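Peer 1: No sequence on hand, only this structure:
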């Protein structure tokens, strides 16, 4: 019996999506290439340079350094690794808001750095006073999130940059999910808005590239010197990536997607996703759920566990925040029809006792 | 102008290859899946269980734990991470032969362990006396290579296991490249031959899967407990992989390739590759080059740099060992015709002064 990949028609939990047709075609064409071995596969190395240059355009960085990583986790680990290796102390710490992705916990374990987690404020953004009182002369990096995993919030990046500069720490921005929608908002989040040193920005999330295509950007090339190991038996001389063999499919699909969609296509998608998120938030509010107001296309609402479980049993791929709220990511594959069908199921399966069901017209 | 992927008809340096047609088909079908999010993509998680089980068959392990990693580098880093996290000392060391892959240097930097590199013997295998005198009570792991990157040699794995056991260290075997040919040789290299704790064994090398499909196996599940971080907002509860989002294409293609080729197809390929390596070694020897006798399908020979450069200028993708020898990997895409054409170019470009060219008939 052949196992089939799931359809996307009930996937509301993923931060990945169906690759754009041009991204899929490029991935298939470059399936048998390895940008980790540039001496053997020079054409995909040329594509990777293009990918990094285009990511720089999106992230406000004129002459970017970087590479296409396996995803945001690798990019985040590598950023922390740069900071740790540059730190003058043997006991460096890294300061981040509690809203940051769990990959930083992984980075802290892998790299042996002290992770200092500070609370968020009432709007789910890094509490600046808490960050300020947490940094010290051993702080190697301050982390801000531009599009949090749980609520889609954007930390005050310029202010975090000031705090980082005051203690001579690096500033890393995790825009793994948010990077391809933020250019169409008023948020200040990128290299040209603040003294950002490194950034995670993933083509395989809102960028509609095929997995695996994460992005790590750095303001200057010398930051990668910290990571380079010698590479005998490759005709290149050193390697700064975390993994060795890498996916040429991911690289090629990132270039194809960005060439096709940046900026107009991404902007149209952003508007669609934002409108869907607003429609969904409105529909949930009308039904009496407490909704975290979406600032990017991600909706969280206080739906009871029993209802959540009933919806999962219907085949909906949904997930919850750390504090138990239903969390829906309005990715490109998520249509208004899917959301309407989801709300229809929610109404049908509704098990709340006290709140009356209302129409959303 | 569209950038095209290189053809494989001159690639003699890569440890990756063209994916088998069934592996390519599976990769394309599962391009939009993420085994890093099993609650959303359960079908590819089921495939990953199959992949690990089949890798266990190949590596002599009845009830294997493991996962499909981005490649051998991730598998090696993760094995060292397990050893470091289990060590009772805060200053653990890891002992390996100088023939081990440079990914262990990366692991040492990332993980902050003391890497102790010992020489190899006259046959390019780990010098057991040197290993024995290097381990101590702070040794967390001994590393053996089953198919070295430079010369395709297999370290004395059972003996390394004895040394590791004597100091209560783990034994890791790097069979990233060798794992899919060693079952057809008399070498003792796997879990049933020695007290191996962890192993890197990559479907995307001799296993003919699509990149990225590395493999990390462990003798018991609890070894992965060392690596687990909590995963809020995924419906799974923890994650032991190094990367987060992962390639479902790699997983699906690994299963497809192993289902198609294990064991007969891999054995046929091994015989073809071995015969090609022997033919090539013979052809080079007849021309007066000093050749490192191939024990697995990998040939190294002392070809001068000027000849090497001339061959690269002809479009041959070739690479060199750390000490400068030409190094050719007889992967599945490498045919006798390619090698004959390569030798033809070598004869034509020959710039040696003193050694007469001889016929290889």
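Peer 2: Looks like it arrived, so ask away. Source: prediction; values computed, not measured.
Peer 1: Quick check: residues of the stretch 101-250 of chain A near chain B?
Peer 2: A:102-103, A:105-106, A:109-112, A:149-150, A:202, A:204, A:210-212, A:214, A:227, A:229-235, A:239, A:242-250 (C-beta under 8 Å from any C-beta of the partner chain). Quick note: C-beta positions are derived from backbone N, CA and C, even for glycine.
Peer 1: Repeat the analysis, applying 7 Å as the threshold.
Peer 2: By C-beta under 7 Å from any C-beta of the partner chain, the residues of the stretch 101-250 of chain A that approach chain B are A:102-103, A:105-106, A:109-112, A:149-150, A:204, A:210-212, A:229-235, A:243-248.
Peer 1: cool, the stretch 251-361 of chain A as well?
Peer 2: A:317, A:319, A:320, A:321, A:322, A:327.
Peer 1: From the residues you listed, pick the one nearest chain B.
Peer 2: Lowest distance from chain B to these (C-beta to the nearest C-beta) belongs to residue A:322, with 3.7 Å.
Peer 1: returning to what we had before: for PyMOL, write a command that selects the buried ones of the residues of the stretch 101-250 of chain A next to chain B.
Peer 2: Per 16 or more other C-beta atoms under 10 Å in any protein chain shown, the buried members of those correspond to this PyMOL selection:
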select buried, chain A and resi 102+103+105+106+109+110+111+112+149+150+204+210+211+212+229+231+232+233+234+235+243+244+245+246+247+248
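Peer 1: Out of the residues of the stretch 101-250 of chain A next to chain B, list just those in helices.
Peer 2: With helices defined by DSSP state H, the entries of those inside them are A:103, A:105, A:106, A:109, A:110, A:111, A:248.
Peer 1: does the third one really touch residue B:229, like I thought?
Peer 2: Yep, that's residue A:106 we're talking about. Yes. Assessed by C-beta atoms under 7 Å, residue A:106 is found in contact with residue B:229 at 4.9 Å.
Peer 1: pLDDT weak spots in the stretch 251-361 of chain A?
Peer 2: By pLDDT under 70, the low-scoring segments of the stretch 251-361 of chain A are A:351-361.
Peer 1: and if we set it to 50?
Peer 2: Along the stretch 251-361 of chain A, the model assigns pLDDT under 50 to residues A:353-354, A:361.
Peer 1: Would you map the helices across it?
Peer 2: A:264-286, A:305-313, A:336-349 (DSSP state H, counting those that start in this stretch).
Peer 1: Which elements pack onto the second one?
Peer 2: Contacts of helix A:305-313 with other secondary structure elements, assessed using 3 or more C-beta pairs under 7 Å, 6 or more residues apart in numbering or on different chains; DSSP states H and E, are made with helix A:336-349.
Peer 1: Show me which parts of the helix it packs on are buried, residue by residue.
Peer 2: Of all the residues in helix A:336-349, those buried under the rule 16+ other C-beta under 10 Å are A:338, A:339, A:342, A:343, A:345, A:346, A:349.
Peer 1: which one among these gets closest to residue A:190?
Peer 2: Of all the buried residues of helix A:336-349, residue A:190 sits closest to residue A:339, with 29.7 Å by C-beta to C-beta.
Peer 1: Could you find the closest non-adjacent residue to that closest one?
Peer 2: Spatial nearest neighbour of residue A:339, excluding adjacent residues (C-beta to C-beta, 6 or more residues apart in numbering or on different chains): residue A:280 at 5.2 Å.
Peer 1: contacting residues around the one you found?
Peer 2: A:299, A:328, A:339 (C-beta atoms under 7 Å, 6 or more residues apart in numbering or on different chains).
Peer 1: tell me which of these is nearest to chain B?
Peer 2: When the contacts of residue A:280 are compared against chain B (criterion: C-beta to the nearest C-beta), the nearest one is residue A:328, at 11.2 Å.
Peer 1: Okay, and the beta partners of that closest one?
Peer 2: Residues in a beta bridge with residue A:328, per DSSP bridges, are residue A:299.
Peer 1: what about it, how many residues close to it?
Peer 2: Residues near residue A:328, counting by other C-beta atoms under 10 Å in any protein chain shown, number 27.
Peer 1: Regarding the residue in the stretch 51-200 of chain A positioned nearest to chain B, what is its secondary structure?
Peer 2: Nearest residue of the stretch 51-200 of chain A to chain B: residue A:73, at 3.3 Å (C-beta to the nearest C-beta). For residue A:73, the secondary-structure state derived from DSSP: H, G, I helix; E, B strand; the rest coil is helix.
Peer 1: Look at the nearest residue to it once chain neighbours are set aside and report its pLDDT.
Peer 2: Among residues not flanking residue A:73 along the chain, residue B:244 sits closest, at 3.3 Å (C-beta to C-beta, 6+ apart). With respect to pLDDT, residue B:244 scores 94.
Peer 1: which residues are in contact with the longest strand anywhere in chain A?
Peer 2: Once chain A is assigned using DSSP state E, the strand that runs over the most residues is strand A:139-145. For strand A:139-145, the external contacting residues (C-beta under 7 Å, 6+ apart) are A:80, A:83-84, A:86-87, A:92-97, A:99-100, A:104, A:126, A:131, A:135, A:155, A:157, A:160, A:163-164, A:167, A:169-174.
Peer 1: Narrow the residues you listed to those in strands?
Peer 2: Reading strands off the contacts of strand A:139-145 with DSSP E, I get A:93, A:94, A:95, A:96, A:97, A:170, A:171, A:172, A:173, A:174.
Peer 1: pretty sure the first one is touching residue A:117, no?
Peer 2: No. Contact between residue A:93 and residue A:117 fails when scored by C-beta under 7 Å: they sit 10.7 Å apart.
Peer 1: what about the residue nearest to residue A:339, distance to residue A:25?
Peer 2: As judged by C-beta to C-beta, to the nearest Å, residue A:280 and residue A:25 stand 31 Å apart.
Peer 1: And residue A:205, by the same measure?
Peer 2: Taking C-beta to C-beta, one finds residue A:205 at 20 Å from residue A:25.
Peer 1: between these two, who's got more neighbours?
Peer 2: Neighbour totals were compared for residue A:205 and residue A:25, and residue A:205 leads with 30 against 15 (other C-beta under 10 Å).
Peer 1: Test my guess that that one contacts residue A:174.
Peer 2: No. The criterion here is C-beta under 7 Å, and residue A:205 misses it with residue A:174 at 11.5 Å.
Peer 1: Just checking stretch A:76-83 against chain B, any contact.
Peer 2: Yes. Contact of stretch A:76-83 with chain B (C-beta under 7 Å from any C-beta) involves residue A:81.
Peer 1: Now do the same for that stretch: mean pLDDT, whole number.
Peer 2: 98.
Peer 1: sorry, back to before: now, of the residues of the stretch 251-361 of chain A next to chain B, which are buried?
Peer 2: Judged by 16+ other C-beta under 10 Å, buried ones among those: A:317, A:319, A:320, A:321, A:327.
Peer 1: which ones are touching the first one?
Peer 2: This points to residue A:317. Residue A:317 sits in contact with A:10, A:11, A:12, A:13, A:14, B:40, where contact means C-beta under 7 Å, 6+ apart.
Peer 1: wait, what's in contact with the residue nearest to the third one when sequence neighbours are not counted?
Peer 2: Nearest non-adjacent residue to residue A:12, counting by C-beta to C-beta, 6+ apart: residue A:328, 4.6 Å away. The neighbourhood of residue A:328, defined by C-beta under 7 Å, 6+ apart, consists of A:12, A:280, A:299, A:318.
Peer 1: export these to a markdown table and tack on distance to residue B:19?
Peer 2: Formatted as a markdown table, the contacts of residue A:328 follow (distance: C-beta to C-beta, whole Å):
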| residue | distance to residue B:19 |
| --- | --- |
| A:12 | 32 |
| A:280 | 40 |
| A:299 | 39 |
| A:318 | 34 |
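Peer 1: ok, of the residues you listed, which one's closest to residue B:30?
Peer 2: The shortest gap between residue B:30 and any of the contacts of residue A:328 belongs to residue A:12, at 20.2 Å (C-beta to C-beta).
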